[in-house]
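# with the input below, show me the fold.
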Amino acid sequence: MGKTLAALGAGILSIGLLASPAMAELDQMNLKMVGTWGNLSNWKVNEGPFWNDTIPKASGGKITANAVPQTDVGIKGFEVMRMLKIGVFDVAHGVVGYIAGEDPIVEGVDLAGVIQNWDDAKASMDAYRPIVAKQFEETYGAKLMALYPFPSQMLWCNADVNSAEDLAGKKVRVYTTSMGDLIEGLDATSVTIAFAEVVPALEKKVVDCGITGTMPAYQAKWWQVANHAYLMKVGYTATFAAINLNTWNRMSDETKAFFEKQYAEFEKSAWANNIAEDEMGIICNTGVGGKCTEGEAGGMKKVEPSAADNAKRKEILENVVLKRWAERCVAKAGEKCIDDWNATIGKIAGVAATKP
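As a prediction, this is how the structure comes out:
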């Protein structure tokens, strides 16, 4: 772990309460907030406590929220920003990949197979943040407040998968367009299935593998129906926090400053928490490498990608994933989006998208 991310570890246990001397000048507000999945750590450890505890305490009770995860209100990931835009919610936390199909510029923050370590994940999201923020304002009428991850995304299979070649002919659950591109480049078939439906799909062999994060796979009990953990790093699931622009514009300058300060601390803590639980997710799913701190360990076979597997991933990234994304992005927004990506994430990852 690099110095930058190691420094984040100091904030791992909690988000500091940054009560302002100007607390009396804060707006009195009760906001409608929707978060990510209620059974996963980002809600339980980061989003829920932030809105139900940190914000009310730090504001002296002036700012509260009716905060619920998307699983409690029965909406899907791709609906979150649409509902934020029309004012159903004042605040939304969600996964970029679920909305990226509507905006290939935003999709660029988390293309499958690009980023392979935590330092680059943090650096790439920071570098691309202004681009995402601009698109959020123009497309969704939303103010971007934070970008943070889930644990690293890998493949969990109810099939004998010991190499990239073994994925040929398999059906793999994906949830973003670029994940589908990567899987199809591996001569497998991509299948879009909602997160809550993956366990029965694996059990019934509707799919052979599914992509999700290390700890989410454990918390959603994929280890009960999958037997191979193929640890090719597909991505880090860029996750956003955003406020409806109408709500934001009604806030006083003091309240805006309060939220910017609080969200800066939230983001540090969310990164640190997800980094810390990443390896534990592998341990809990496989029973290999230590004791699972979350409960009973699964017994998946732990399969590390070989040098040949990683070379294959890079070849598909350059010839399929980036090529297809560049076509989508240029068709939607012109060639500047390729230049912007290459100057930010491409430069960090050491790859380049070419203009179609």
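
# stretch 41-60: end-to-end distance?
One end of stretch 41-60 sits 26 Å from the other (Cα to Cα, to the nearest Å).

# list the contacts of it.
For stretch 41-60, contacts defined as Cβ atoms under 8 Å, 6 or more residues apart in numbering pick out 14-15, 17-20, 23, 26, 33, 35-38, 63-65, 67, 69, 91, 93, 148, 150, 215-216, 219, 239, 241, 258, 262, 266, 269-270, 273-274, 277. In short, each C-beta sits where N, CA and C put it, glycine included.

# any idea how far N249 lies from P356?
38 Å (Cβ to Cβ, to the nearest Å).

# one step back: in strands only, show me the contacts of stretch 41-60.
Secondary structure from DSSP state E places M33, G35, I63, T64, A65, A67, P69, V91, H93, Y148, T239, A241 of the contacts of stretch 41-60 in strands.

# I'd say Y230 and A159 touch.
No - taking contacts as Cβ atoms under 8 Å, Y230 lies outside contact range of A159: 9.5 Å.

# what about the two, which has more around it?
Y230 (25 against 20; other Cβ atoms under 10 Å).

# are any of the contacts of stretch 41-60 buried, and if so which?
Using 16 or more other Cβ atoms under 10 Å as the burial test, the contacts of stretch 41-60 include 15, 20, 26, 33, 35-38, 63-65, 67, 69, 91, 93, 148, 150, 215-216, 219, 239, 241, 258, 262, 266, 269-270, 273-274, 277 as buried.

# in the chain, which helix or strand is least confident?
helix 3-8 (a mean of 41; mean pLDDT, DSSP states H and E).

# how about E203: what's its closest non-neighbour residue?
V225 (4.5 Å; Cβ to Cβ, 6 or more residues apart in numbering).

# just checking, the one you found touches K204?
No - with contacts counted by Cβ under 8 Å, V225 stays clear of K204, the gap being 9.2 Å.

# so these two - more neighbours on which side?
The neighbour comparison of V225 against K204 (other Cβ under 10 Å) goes to V225, with 18 against 10.

# how close does that one get to N285?
From V225 to N285 the distance is 12 Å (Cβ to Cβ).

# quick one: secondary structure of the residue nearest the centre of the chain?
Central residue of the chain (Cα atoms, centre = their mean): T237, 2.5 Å from the mean position. Secondary structure assignment for T237 (DSSP: H, G, I helix; E, B strand; the rest coil): coil.

# need phi/psi at the closest residue to it other than its chain neighbours.
Nearest-residue entry for T237: F150, 3.9 Å, with adjacent residues in sequence omitted and distances by Cβ to Cβ, 6+ apart. The phi/psi pair for F150 (degrees, to the nearest 10) reads phi -110, psi 170.

# for F150, give its distance to L40.
8 Å.

# next, show the common contact partners of these two.
With Cβ under 8 Å, 6+ apart, F150 and L40 have common neighbours P216.

# return the residues in contact with the closest residue to N246 other than its chain neighbours.
Closest residue in space to N246, ignoring its immediate chain neighbours: G87 at 6.6 Å, by Cβ to Cβ, 6+ apart. By Cβ under 8 Å, 6+ apart, G87 lies in contact with N244, N246, T247.

# quick check: the last one touching F89?
No - contact status for T247 versus F89: not in contact, 9.0 Å apart, counting by Cβ under 8 Å.

# more crowded one of these two?
Legend: neighbour count by other Cβ under 10 Å for T247 and F89, higher for F89 (28 against 19).

# tell me the SS of that one?
coil.

# and it, how far is that from A270?
Counting by Cβ to Cβ - F89 and A270 are separated by 19 Å.

# try D53
Taking Cβ to Cβ, one finds D53 at 15 Å from A270.

# ditto for T255
Applying Cβ to Cβ to T255 and A270 gives a distance of 22 Å.

# what does K256 give?
In terms of Cβ to Cβ, K256 sits 21 Å off from A270.

# over to R173?
In terms of Cβ to Cβ, R173 sits 25 Å off from A270.

# hey, where'd the strands end up in the protein?
Counting by DSSP E, the strands of the chain are 29-35, 63-69, 91-95, 142-148, 153-157, 171-174, 189-192, 209-213, 228-235, 239-244, 301-303.

# for those, which one sits closest to G77?
Closest approach to G77 among these (Cβ to Cβ): strand 91-95, 5.5 Å.

# name the residues that touch the closest one?
With Cβ under 8 Å, 6+ apart, strand 91-95 has contacts from 31-36, 42, 47, 51, 65, 70, 77, 80-81, 83-84, 142, 150, 175, 237-244, 247.

# show me how far the helix ranked longest in the chain is from its chain's centre.
Counting residues, the longest helix found in the chain (DSSP state H) is helix 253-286. Taking Cα atoms, centre = their mean, to the nearest Å, one finds helix 253-286 lying 12 Å from the centre of the chain it belongs to.

# that one - what's its average pLDDT?
Taken as a whole, helix 253-286 carries a mean pLDDT of 98.

# tell me the angle it makes with strand 63-69.
30 degrees (axes from the mean of the first three to the mean of the last three Cα atoms, to 10 degrees).

# give the buried residues for helix 253-286.
255, 258-259, 262-263, 265-278, 280-286.

# again, but for stretch 68-78
Those would be V68, P69, Q70, T71, I75, G77, F78, for stretch 68-78 by 16+ other Cβ under 10 Å.

# show me what contacts the first one?
This points to V68. Counted by Cβ under 8 Å, 6+ apart, V68 has contacts M33, V34, G35, G38.

# now, which of these sits nearest L322?
After measuring those against L322 - Cβ to Cβ - the closest member comes out as G35, at 31.4 Å.
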